[in-house]
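Q: Need a 3D model of the sequence below.
(2 chains)
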Amino acid sequence: MKRLLLIFLFFTVCLIPTIAGAEESYTFDLGETEKKPYHVGGYVEFKPILYGLDRESAFYKLRFFNNPRGHNLLEANGRIQLEGSYEKNIFRIYAKTNTDLKSSYSGESERSTFYELYGSAKPSSNLKFDVGKKTMKWGKGYAWNPVAFVDRPKDPDDPEQAMEGYILATADYIRSFDGPLKTFSFTPVLLPVYDHVNDDFGNNNKLNMAGRFYFLLYDTDIDLMFMTGGSRPDRYGFDFSRNITTNFEVHGEYAYFRNSRKNVLDATGIPRQIEKEAHSFLVGIRHLTSFDLTTIIEFYHSDAGFTSDEMKNFYGFINRGYDIYQSTGNTNALAQAQQLAESGYARANAMQNYIYVRFSQKEPFDILYFTPSLTGMMNTDDQSWSLTPELLYTGITNWEFRLRSGIIFGARNSDFGEKQNDYRIELRVGYYF
Amino acid sequence: MIKKILLICLMIVSMACPAFAVDGKTLLEQLDRNLSPESYESYRKLINIEPSGAKKEFTLFTVKKGVDKVASLFIAPASEKGRSTLRVGDNMWLNIPNIGKPIRITSLQSVVGGVFNNADILQLDYTAEYDVEKVDEKGSESLLYLKAKTKTVAYDKLKIWADKDKKLPTKIECLTEANMLIKTLYFKEVKDFGGGIVRPAVIETDSPLYKGYKSVMIFAKIKKKNFKDEVFTLPYMPNLESLR
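A: Purely as a prediction, here's the structure:
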């Protein structure tokens, strides 16, 4: 709690002079353009969240069965990210740390890790090598990326958040041409999985190989990618992105998984593993009107997701386990449900078909740097959905103020209807330095 | 006799029209080259000024090659540092380090907010995007009427007032197809940047669509420089810092 208070105080002290100094005269100090061999920077964030709990939902019962809460839950979060780099000749090292702080009903917690830490060598403008912990971020989708084979899954609720990378070795080879094919690049990746090295990626003691071929062909971005090696089922995919007009973009991704595996429950609550080939794809558009309304629409399908019946079986299993706990105090079934949740049932967008729609209006009513937006996400299998209105203001240099809320709609046994919350209100104050 | 005079008049008129068009194109090419070498690097500061007087500043490092390739890297403020934009012809991308992958953007959007949009920030040669329809003489200035070559260009029409002696623009009006004024650019403070580059160091802009708001672009360290084509590619966008 002390650390969170410190972050809060930091904001209070920093913000006052920033606002007071907002009307200084402008100059172009050429010192700003001098390049230093090193760079140090960072980001500090304070994020209180108020949750409105749905005490009848399956995920509420799973999380709070032995520690029931009221209708609301207040949580304070803090985040500190530090980054630095040093460059000499063709070499560069880069590091980015992330510390998450949380104070909630269950006490205080802290998790610190390197999001990225890698060294680069760039012998020429068309060749670069990187070794270390790095995010690759493959794919063209905004909310989901089925072809992000060597990245952690994105949070569709907050797709622009920085993510933790994996330890890998990679290279970029780029060629440019005249004619319809303007650019070609190849990005090979070696991703080892051993004890203490990417051991959360998949099967241990494997050296995985992945690669991406990029083409800018007839003004269309096209990527072909693959991954093999045994830690995860082999997979192949492609993506594309193209501007149909200056204000209308289309994009898509497709991935094929050999021997995709998932743990499912049958109607009696017996778990079993299903292994089969799977397809996943995403199609989307991005459109900008003359009055600066940006619309993003995406449809996402994943064979590897759970069906409505599989999810109902899981919710039923939790409810039975909860009833047993209430009557006998036995937690075995709920402990097993917790394991199943961690193995896939609790991940974001765990089912098969989703639609994502986001409207953001830049600077309405001539309010500079103010962007209200409205995001909706629907599970098209059970028609449950969420709505996220958001207000973003970035008018004070290096500051970001974001007020957002999330409201959930869905019947019992539906994807969003069984989330632990009915609604969420969140304030995020961030400062870059 | 009358027939001969008419014939001569017709010949003069028919010959004068294409010659006039060529002059307009040549003049526009001169304006492009005087504003910047075909391939160069430069630094720019963009300042958005609100009616209240509040300002927000951005510093960019920009590289350009040929008629259709330009890339910019934000070096300040801290919240934008590391962001980069790339334009190859009509294609535009924005790379945000957190997001990691370049996303396609459009010319009418603005990555900095304010009156300057992406087409202004990633400006190509005017001759690459516009044809000269007409040139009027206005005392010490020429007035060029430009029409976009394709529908994908941000502004359908431009009116450029250019100093006849210096062959530099002094004012540009950006218009829609229906002649609605979108914004006006004012070119100020002609400065010698060295290497034979003498051009306005400041561009101010205002817009009837943003009443009371103003944006300013200040140029520094414009230098003729050649870059490999690979610099203007998506995979290179996170590496633009290495060119500084």
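Q: In space, what's closest to the residue nearest the centre of chain B - neighbours in sequence excluded?
A: Central residue check for chain B by Cα atoms, centre = their mean: the C-alpha nearest the mean position is that of residue B:123, 3.9 Å away. Residue nearest to residue B:123 in three dimensions, not counting chain neighbours: residue B:70, with 7.2 Å by Cβ to Cβ, 6 or more residues apart in numbering or on different chains. (C-beta placed from N, C-alpha, C; glycine too.)
Q: any idea which helix or strand carries the one you found?
A: Take DSSP states H and E as the rule and residue B:70 turns out to sit in strand B:69-76.
Q: hang on, the earlier thing: tell me the bridge partners for the residue nearest to residue B:123.
A: Listed by DSSP bridges, the beta-bridge partners for residue B:70 are residue B:64, residue B:87.
Q: partners of the helix or strand where residue A:255 lies in the sheet?
A: Element membership of residue A:255 [criterion: DSSP H and E] is strand A:248-265. Each strand that pairs with strand A:248-265, with its direction, by DSSP bridges: strand A:235-245 (antiparallel), strand A:271-288 (antiparallel).
Q: If you count neighbours, what's buried in it?
A: Residues of strand A:248-265 classed as buried: A:249-257, A:260, A:262, A:264-265 (neighbour count, 16 or more other Cβ atoms under 10 Å in any protein chain shown).
Q: Look up phi and psi at the residue nearest to the centre of chain B.
A: Residue B:123 has phi and psi values of phi -70, psi 130 when expressed as degrees, to the nearest 10.
Q: just checking, it touches residue B:68?
A: No: using Cβ atoms under 8 Å as the test, residue B:123 is too far from residue B:68 to be in contact (11.4 Å).
Q: will you turn the buried residues of strand A:248-265 into CSV that also has pLDDT?
A: Conversion of the buried residues of strand A:248-265 to CSV gives the following (pLDDT from 0 to 100):
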residue, pLDDT
A:249, 89
A:250, 94
A:251, 95
A:252, 97
A:253, 97
A:254, 98
A:255, 97
A:256, 97
A:257, 94
A:260, 87
A:262, 85
A:264, 87
A:265, 85
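Q: Sketch out the low-pLDDT regions of the chain for me.
A: Looking at chain A here, since you left the chain open. Within chain A, the set of residues satisfying pLDDT under 70 comprises A:1-26.
Q: look at chain B instead
A: Judged against pLDDT under 70, the low-scoring parts of chain B cover residues B:1-22, B:100.
Q: Pull the distance from the longest helix along chain A to the chain's centre.
A: In chain A, taking DSSP state H as the definition, the longest helix is helix A:308-328. Its chain's average C-alpha position is 29 Å from that of helix A:308-328, according to Cα atoms, centre = their mean, to the nearest Å.
Q: Whichever helix or strand comes after it vs strand A:248-265, what angle?
A: Per DSSP H and E, the first helix or strand lying C-terminal to helix A:308-328 is helix A:332-340. For the pair helix A:332-340 and strand A:248-265, the angle between their directions (axes from the mean of the first three to the mean of the last three Cα atoms, to 10 degrees) equals 150 degrees.
Q: What is helix A:332-340 packed up against?
A: When contacts are defined as 3 or more Cβ pairs under 8 Å, 6 or more residues apart in numbering or on different chains; DSSP states H and E, helix A:332-340 packs onto helix A:58-64, helix A:308-328.
Q: taking the ones you listed together, which one is wrapped up most tightly?
A: Among the helices and strands packed on helix A:332-340, ranked by average contacts under mean count of other Cβ atoms under 10 Å in any protein chain shown, first place goes to helix A:58-64 (a mean of 21).
Q: which residues does residue A:278 contact?
A: For residue A:278, the contact set (Cβ atoms under 8 Å, 6 or more residues apart in numbering or on different chains) comprises A:256, A:257, A:260, A:302, A:303, A:304.
Q: Residue A:150 versus that one, what's the distance?
A: Applying Cβ to Cβ, to the nearest Å, one obtains 18 Å for the distance of residue A:278 from residue A:150.
Q: Kindly report the same for residue B:91.
A: Distance, residue B:91 to residue A:150, by Cβ to Cβ: 26 Å.
Q: more neighbours, the two?
A: residue A:150 (26 against 20; other Cβ atoms under 10 Å in any protein chain shown).
Q: looking at it, the more buried one is touching residue A:212, isn't it?
A: No: taking contact to mean Cβ under 8 Å, the distance of 9.1 Å between residue A:150 and residue A:212 leaves them out of contact.
Q: Show me whatever sits in contact with both of these two.
A: In terms of Cβ under 8 Å, 6+ apart, residue A:150 and residue A:212 are both contacted by the residues A:138, A:189.
Q: Just give me the closest of the contacts of residue A:278 to residue B:132.
A: residue A:256 (52.4 Å; Cβ to Cβ).
Q: Which strand residues bridge that closest one?
A: When assigned by DSSP bridges, residue A:256 has beta-bridge partners residue A:236, residue A:279.
Q: which ones are touching residue A:382?
A: A:308, A:311, A:351, A:410, A:411, A:413, A:414, A:415, A:417.
Q: So the last one, which state does it fall into?
A: Just to be clear, that refers to residue A:417. Three-state secondary structure (criterion: DSSP: H, G, I helix; E, B strand; the rest coil) places residue A:417 in coil.
Q: who touches it in this structure?
A: Residue A:417 neighbours (Cβ under 8 Å, 6+ apart): A:57, A:382, A:384, A:408, A:409, A:410, A:411.
Q: quick one: what helix or strand has the fourth one in it?
A: If I follow you right, that is residue A:408. Of the helices and strands defined by DSSP H and E, residue A:408 is found in strand A:399-409.
Q: Which neighbouring elements make contact with that strand?
A: Taking 3+ Cβ pairs under 8 Å, 6+ apart as contact, the helices and strands that strand A:399-409 lies on are strand A:384-393, strand A:421-432.
Q: how far is that strand from where the chain is centred?
A: When C-alpha coordinates are averaged (Cα atoms, centre = their mean), strand A:399-409 and its chain have centres 16 Å apart.
Q: pretty sure residue B:181 contacts residue B:210?
A: No: with contact defined as Cβ under 8 Å, residue B:181 and residue B:210 do not form a contacting pair (12.0 Å).
Q: neighbour-wise, which of the two wins?
A: residue B:210 (19 against 14).
Q: Strands of chain B, start to end?
A: Counting by DSSP state E, chain B has these strands, from start to end: B:40-49, B:55-65, B:69-76, B:84-88, B:91-95, B:103-104, B:130-138, B:141-148, B:157-163, B:168-175, B:181-192, B:198-206, B:214-224.
Q: Nearest to residue A:113 among those would be which one?
A: Between residue A:113 and these, the shortest separation by Cβ to Cβ is 24.0 Å, and it involves strand B:91-95.
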